[in-house]
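S.K.: the sequence and its predicted three-dimensional model are supplied below.
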Amino acid sequence: MHDEAMILKHPLRVRIFHYFLIISFLPLAVTGLLLYFKPFAEETMNLMMKIHVVAGVVLTLDAVAFFFIGYDRVVLFIKRVFTVSMNDVKWFAVLGGYPQKFLLGKKVPVPPMGKYNSGQKLFGICVLIGGTILIATGWVLWGFPHNFPRQTVALFGDLHALFGWLLSLFLLVHLFLGVYMFDDFKAMILHGKIPYDEAKDVSPLWVSREITTPFAKEEVVTVR
(Lines give C-alpha, C1' and ligand atoms only; values in the text may rest on other atoms or scores of the structure.)
Protein backbone atom coordinates (compact mmCIF):
# COMPACT_ATOMS: atom_id res chain seq x y z
CA MET A 1 0.00 0.00 0.00
CA HIS A 2 1.01 3.62 -0.59
CA ASP A 3 0.55 6.43 1.92
CA GLU A 4 0.53 9.88 0.29
CA ALA A 5 3.81 10.17 -1.67
CA MET A 6 5.33 6.88 -0.50
CA ILE A 7 5.94 3.78 -2.61
CA LEU A 8 5.98 0.23 -1.33
CA LYS A 9 9.37 -1.13 -2.38
CA HIS A 10 9.82 -4.05 0.03
CA PRO A 11 6.65 -6.07 0.84
CA LEU A 12 6.27 -7.64 4.29
CA ARG A 13 7.28 -11.16 3.23
CA VAL A 14 10.47 -9.76 1.66
CA ARG A 15 11.26 -7.85 4.85
CA ILE A 16 10.68 -10.96 6.99
CA PHE A 17 13.01 -12.93 4.71
CA HIS A 18 15.59 -10.16 5.09
CA TYR A 19 15.25 -10.16 8.91
CA PHE A 20 16.12 -13.86 9.08
CA LEU A 21 18.88 -13.30 6.54
CA ILE A 22 20.45 -10.73 8.88
CA ILE A 23 19.98 -12.96 11.93
CA SER A 24 21.64 -15.90 10.18
CA PHE A 25 24.28 -14.48 7.86
CA LEU A 26 25.95 -12.04 10.26
CA PRO A 27 26.87 -14.78 12.78
CA LEU A 28 27.77 -17.06 9.87
CA ALA A 29 30.22 -14.46 8.54
CA VAL A 30 31.77 -13.79 11.97
CA THR A 31 32.06 -17.43 13.03
CA GLY A 32 33.22 -18.43 9.55
CA LEU A 33 36.04 -15.92 9.81
CA LEU A 34 37.01 -17.29 13.22
CA LEU A 35 36.84 -20.87 12.00
CA TYR A 36 39.10 -19.95 9.09
CA PHE A 37 41.83 -18.37 11.23
CA LYS A 38 41.25 -20.44 14.43
CA PRO A 39 42.48 -17.79 16.91
CA PHE A 40 40.97 -19.37 20.05
CA ALA A 41 41.34 -22.54 22.09
CA GLU A 42 39.66 -25.75 20.96
CA GLU A 43 36.69 -25.38 23.33
CA THR A 44 35.90 -21.91 22.03
CA MET A 45 36.33 -23.01 18.43
CA ASN A 46 33.89 -25.87 19.02
CA LEU A 47 31.37 -23.32 20.29
CA MET A 48 31.96 -21.20 17.16
CA MET A 49 31.28 -24.27 15.03
CA LYS A 50 28.00 -24.94 16.84
CA ILE A 51 26.89 -21.32 16.33
CA HIS A 52 27.93 -21.57 12.68
CA VAL A 53 25.86 -24.72 12.17
CA VAL A 54 22.76 -23.31 13.90
CA ALA A 55 22.98 -20.10 11.86
CA GLY A 56 23.40 -22.22 8.72
CA VAL A 57 20.22 -24.14 9.52
CA VAL A 58 18.33 -20.86 10.03
CA LEU A 59 19.66 -19.52 6.71
CA THR A 60 18.64 -22.71 4.91
CA LEU A 61 15.11 -22.69 6.36
CA ASP A 62 14.74 -19.00 5.54
CA ALA A 63 15.81 -19.50 1.92
CA VAL A 64 13.62 -22.59 1.37
CA ALA A 65 10.58 -20.99 3.03
CA PHE A 66 10.86 -17.81 0.99
CA PHE A 67 11.32 -19.78 -2.23
CA PHE A 68 7.85 -21.29 -1.73
CA ILE A 69 6.07 -18.44 0.06
CA GLY A 70 7.51 -15.71 -2.14
CA TYR A 71 8.01 -17.66 -5.36
CA ASP A 72 6.64 -14.82 -7.51
CA ARG A 73 9.07 -12.38 -5.86
CA VAL A 74 11.97 -14.79 -6.44
CA VAL A 75 11.13 -15.08 -10.15
CA LEU A 76 10.78 -11.31 -10.47
CA PHE A 77 14.06 -10.74 -8.59
CA ILE A 78 15.92 -13.17 -10.87
CA LYS A 79 14.47 -11.50 -13.95
CA ARG A 80 15.53 -8.08 -12.72
CA VAL A 81 19.10 -8.90 -11.70
CA PHE A 82 19.85 -10.90 -14.85
CA THR A 83 18.42 -8.25 -17.20
CA VAL A 84 21.44 -6.39 -18.57
CA SER A 85 21.54 -3.36 -20.85
CA MET A 86 24.00 -0.70 -21.99
CA ASN A 87 22.88 1.37 -19.00
CA ASP A 88 24.52 -1.23 -16.76
CA VAL A 89 27.79 -0.95 -18.70
CA LYS A 90 27.65 2.85 -18.40
CA TRP A 91 26.82 2.57 -14.68
CA PHE A 92 29.91 0.45 -14.02
CA ALA A 93 32.01 2.83 -16.12
CA VAL A 94 31.41 5.49 -13.43
CA LEU A 95 30.69 3.00 -10.59
CA GLY A 96 27.35 4.64 -10.03
CA GLY A 97 29.04 7.95 -9.29
CA TYR A 98 29.88 6.83 -5.75
CA PRO A 99 33.69 7.24 -5.86
CA GLN A 100 33.34 10.72 -7.33
CA LYS A 101 30.79 11.65 -4.69
CA PHE A 102 32.67 10.20 -1.70
CA LEU A 103 36.25 11.05 -2.71
CA LEU A 104 35.89 14.23 -4.75
CA GLY A 105 32.57 15.62 -3.59
CA LYS A 106 31.40 15.76 -7.21
CA LYS A 107 28.19 14.56 -8.80
CA VAL A 108 28.54 12.90 -12.20
CA PRO A 109 25.78 11.84 -14.62
CA VAL A 110 24.55 8.30 -13.93
CA PRO A 111 22.42 6.34 -16.44
CA PRO A 112 18.79 5.75 -15.40
CA MET A 113 18.22 2.61 -13.35
CA GLY A 114 15.34 0.28 -12.65
CA LYS A 115 14.31 -0.94 -9.19
CA TYR A 116 17.89 -2.11 -8.62
CA ASN A 117 20.98 -0.32 -9.85
CA SER A 118 23.75 -2.24 -11.59
CA GLY A 119 25.77 -2.72 -8.40
CA GLN A 120 22.73 -4.11 -6.60
CA LYS A 121 22.14 -6.45 -9.54
CA LEU A 122 25.70 -7.78 -9.25
CA PHE A 123 25.29 -8.17 -5.49
CA GLY A 124 21.98 -9.96 -6.04
CA ILE A 125 23.57 -12.39 -8.51
CA CYS A 126 26.41 -13.09 -6.07
CA VAL A 127 23.95 -13.66 -3.21
CA LEU A 128 21.78 -15.94 -5.36
CA ILE A 129 24.62 -18.08 -6.71
CA GLY A 130 27.03 -17.76 -3.79
CA GLY A 131 24.32 -18.32 -1.18
CA THR A 132 23.14 -21.48 -2.94
CA ILE A 133 26.72 -22.81 -3.09
CA LEU A 134 27.34 -21.92 0.56
CA ILE A 135 24.20 -23.72 1.71
CA ALA A 136 24.81 -26.82 -0.44
CA THR A 137 28.51 -27.17 0.41
CA GLY A 138 27.87 -26.36 4.08
CA TRP A 139 25.40 -29.21 4.44
CA VAL A 140 27.78 -31.65 2.76
CA LEU A 141 30.77 -30.55 4.86
CA TRP A 142 28.80 -30.77 8.10
CA GLY A 143 26.44 -33.68 7.61
CA PHE A 144 27.74 -35.93 4.84
CA PRO A 145 31.54 -35.56 4.49
CA HIS A 146 32.03 -39.35 4.48
CA ASN A 147 29.51 -39.88 1.68
CA PHE A 148 31.67 -38.13 -0.93
CA PRO A 149 35.20 -38.70 -2.26
CA ARG A 150 37.93 -36.88 -0.36
CA GLN A 151 38.77 -34.72 -3.39
CA THR A 152 35.13 -33.64 -3.71
CA VAL A 153 34.92 -32.72 -0.03
CA ALA A 154 38.15 -30.73 -0.35
CA LEU A 155 36.72 -28.90 -3.38
CA PHE A 156 33.51 -28.16 -1.48
CA GLY A 157 35.60 -26.80 1.39
CA ASP A 158 37.48 -24.47 -0.97
CA LEU A 159 34.24 -23.30 -2.59
CA HIS A 160 32.66 -22.74 0.81
CA ALA A 161 35.59 -20.60 1.95
CA LEU A 162 35.78 -18.69 -1.36
CA PHE A 163 32.12 -17.72 -1.48
CA GLY A 164 32.07 -17.07 2.25
CA TRP A 165 34.84 -14.50 1.81
CA LEU A 166 33.21 -13.04 -1.29
CA LEU A 167 29.78 -12.55 0.29
CA SER A 168 31.30 -11.24 3.54
CA LEU A 169 33.21 -8.57 1.61
CA PHE A 170 30.11 -7.72 -0.40
CA LEU A 171 28.21 -7.49 2.89
CA LEU A 172 30.52 -4.73 4.15
CA VAL A 173 29.85 -2.64 1.04
CA HIS A 174 26.13 -3.47 1.24
CA LEU A 175 25.92 -2.31 4.86
CA PHE A 176 27.81 0.90 4.15
CA LEU A 177 25.66 1.86 1.16
CA GLY A 178 22.53 0.68 3.00
CA VAL A 179 23.16 3.20 5.78
CA TYR A 180 24.16 5.85 3.22
CA MET A 181 20.85 5.35 1.38
CA PHE A 182 19.01 5.65 4.66
CA ASP A 183 15.45 5.85 3.29
CA ASP A 184 15.92 2.51 1.55
CA PHE A 185 17.53 1.11 4.70
CA LYS A 186 14.50 2.17 6.78
CA ALA A 187 12.19 0.73 4.15
CA MET A 188 13.81 -2.69 4.33
CA ILE A 189 14.03 -2.73 8.12
CA LEU A 190 10.78 -0.96 9.06
CA HIS A 191 7.80 -0.13 6.86
CA GLY A 192 8.86 -1.15 3.35
CA LYS A 193 8.18 2.27 1.78
CA ILE A 194 10.39 4.92 0.22
CA PRO A 195 9.51 8.50 -0.82
CA TYR A 196 8.13 8.75 -4.35
CA ASP A 197 10.48 11.61 -5.22
CA GLU A 198 13.53 9.61 -4.14
CA ALA A 199 12.36 6.58 -6.11
CA LYS A 200 11.89 8.77 -9.17
CA ASP A 201 15.42 10.13 -8.71
CA VAL A 202 17.36 6.88 -8.09
CA SER A 203 15.10 4.40 -9.93
CA PRO A 204 13.40 6.38 -12.73
CA LEU A 205 12.89 3.37 -15.00
CA TRP A 206 11.14 1.44 -12.23
CA VAL A 207 8.84 4.38 -11.47
CA SER A 208 8.04 5.17 -15.10
CA ARG A 209 7.43 1.56 -16.12
CA GLU A 210 5.88 -0.01 -13.03
CA ILE A 211 4.52 2.71 -10.74
CA THR A 212 1.57 4.57 -12.22
CA THR A 213 1.30 7.46 -9.74
CA PRO A 214 2.63 8.25 -6.26
CA PHE A 215 -0.90 7.68 -4.96
CA ALA A 216 -1.52 4.29 -6.56
CA LYS A 217 -3.22 1.76 -4.30
CA GLU A 218 -0.77 -1.06 -4.88
CA GLU A 219 2.60 -1.71 -6.42
CA VAL A 220 2.55 -2.92 -10.00
CA VAL A 221 5.00 -5.83 -10.10
CA THR A 222 4.77 -6.81 -13.76
CA VAL A 223 7.96 -5.84 -15.56
CA ARG A 224 7.27 -4.36 -18.99
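M.R.: Great, that's in hand.
S.K.: helices along the protein, start to end?
M.R.: If DSSP state H is used as the criterion, the helices of the chain fall at 12-37, 42-69, 71-81, 86-94, 98-99, 118-143, 150-180, 182-186, 196-202, 204-210.
S.K.: from the middle of its chain, how far away would the shortest one be?
M.R.: So the one you mean is helix 98-99. 20 Å (CA atoms, centre = their mean, to the nearest Å).
S.K.: name the residues that touch that helix?
M.R.: Applying CB atoms under 8 Å, 6 or more residues apart in numbering, the external contacts of helix 98-99 come out as Leu177. From N, CA and C alone the C-beta is placed, and that goes for glycine too.
S.K.: list the buried residues in the one helix or strand in the chain whose mean pLDDT sits lowest.
M.R.: For the chain, using mean pLDDT, DSSP states H and E, the weakest element among its helices and strands is helix 182-186, scoring a mean of 85. Residues of helix 182-186 classed as buried: Asp184 (neighbour count, 16 or more other CB atoms under 10 Å).
S.K.: same thing with stretch 82-89?
M.R.: 87-88.
S.K.: hmm, who's touching that stretch?
M.R.: 111-114, 118, 121, 125, 223.
S.K.: now the two most distant members of those residues.
M.R.: Maximum pairwise distance in the contacts of stretch 82-89, criterion CB to CB, is 20.4 Å, between Pro112 and Ile125.
S.K.: starting at the chain centroid, how far to stretch 130-139?
M.R.: 15 Å.
S.K.: could you give me the buried positions within that stretch?
M.R.: 130-131, 133-135, 137-138.
S.K.: kindly indicate which of the residues you listed lies nearest Arg13.
M.R.: Out of those, the member with the shortest distance to Arg13 (by CB to CB) is Gly131, at 17.7 Å.
S.K.: please report the distance of that closest one from Gly70.
M.R.: 15 Å (CB to CB, to the nearest Å).
S.K.: re earlier: redo the contacts of stretch 82-89 as CSV? Include distance to Val54.
M.R.: Shown next, in CSV, are the contacts of stretch 82-89 (distance: CB to CB, whole Å):
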residue, distance to Val54
Pro111, 43
Pro112, 43
Met113, 38
Gly114, 37
Ser118, 35
Lys121, 31
Ile125, 27
Val223, 37
